[in-house]
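[1] Let's see this in three dimensions:
(one chain, ligands or ions: 1)
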Amino acid sequence: MARKKIIAGNWKMNMTPSEAVELVNTLKPLVANEEVDVVFCVPAIDIIPVVEAAKGSNIQVGAENMYFEEKGAFTGEISPNMLTDAGVKYVVLGHSERREYFAETSETVNKKMLKAFEHGITPIMCCGETLEQREQGVTMDFIRQQVKVGFLNVTADQAKTAVIAYEPIWAIGTGKTATTEQAEEVCKGIRECIVEIYDEATADAIRIQYGGSVNAKTAPELFAQPDIDGGLVGGASLKPDFGAIVNYNK
Ligand code: PEP
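    The predicted structure follows:
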């Protein structure tokens, strides 16, 4: 069965609530492509206005992070219930910026993965190597570890619905897209890792995105690869360019 492409924007720490509504209104007509799942992952404060502004469109809304407890004394965190009640369907987990600046580990990512599934939120779990790891030749070892720990105790049925974003750290926000061959090689390696953890059926179902300076020019070739099921897009998701990325196949 062919996997449906999924293209998600990661707004990072950009857009005030009023700017967010304006951007959704601009992008709404540009991202209509029924062959693609389109997700806007937005800052927590933008979620409610973006859900409202996206009504009647094909845009689904995601969060950029989530805590792994239900409620309580966790100042500054946001719970899965808060997200689902606001209309969130996806959550980005373990983005390299969170791992680097906010001490996110594969263990905390795993806790968040389990909690997201419990609440019916689809995780977009990020993984990816540094330039140093790539040069040392340990890219796949590192990513396999991130994937294996991230998916600990996740059932095959849950894993089938998950999204993994392969994002080489050296390509994020740098304007340096991985070559199509590099991106496909790692996405294929991730799928093989899912076969090892689960089975062929799970690996066939799970969707694997590429992320890292994707733009309207690089998207068509990247997304045409057999193991690349779409993209996680940072900078370009804040511009009308995102419409061209979503319509990469038109
Ligand atoms: C990202 O933040 O996930 C990302 C891929 O950013 P950019 O597209 O700007 O490299």
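
[2] name the element the spatially most distant residue from the centre of the chain belongs to?
    Largest separation from the mean C-alpha position in the chain: Ala73, at 27.9 Å (CA atoms, centre = their mean). Ala73 belongs to no helix or strand when elements are defined using DSSP states H and E.

[3] Show me what from the chain comes close to the ligand.
    Residues of the chain found near the ligand (CB under 6 Å from any ligand atom) are 10, 12, 167, 172-173, 211-214, 232-236. Using the backbone N, CA and C atoms, a C-beta is placed for each residue, glycine as well.

[4] make it 8 Å
    Residues of the chain that fall close to the ligand, judged by CB under 8 Å from any ligand atom: 10, 12, 92, 95-97, 126, 165, 167, 171-175, 211-214, 231-237.

[5] Show the buried residues in these.
    10, 12, 92, 95-97, 126, 165, 167, 171-172, 211-214, 231-237 (16 or more other CB atoms under 10 Å).

[6] any idea how far the residue farthest from the centre of the chain lies from the ligand?
    30 Å (CB to the nearest ligand atom, to the nearest Å).

[7] In the protein, what helix or strand scores lowest on average pLDDT?
    In the chain, no helix or strand scores lower on mean pLDDT, DSSP states H and E than helix 131-136, which sits at a mean of 95.

[8] Now that helix: buried residues?
    Using 16+ other CB under 10 Å as the test for burial, helix 131-136 gives 133-134.

[9] same question, stretch 79-96
    For stretch 79-96, using 16+ other CB under 10 Å, the buried residues are 79-80, 82-83, 86, 88-96.

[10] on that earlier part again, now what about whichever helix or strand comes after the least confident helix or strand of the chain, what contacts it?
    As assigned by DSSP H and E, the chain's next helix or strand after helix 131-136 is helix 139-150. Under the criterion CB atoms under 8 Å, 6 or more residues apart in numbering, residues 93-94, 106-107, 109-110, 113, 125, 127-129, 133, 164, 166, 168, 186, 189-190, 193-194, 197 lie in contact with helix 139-150.
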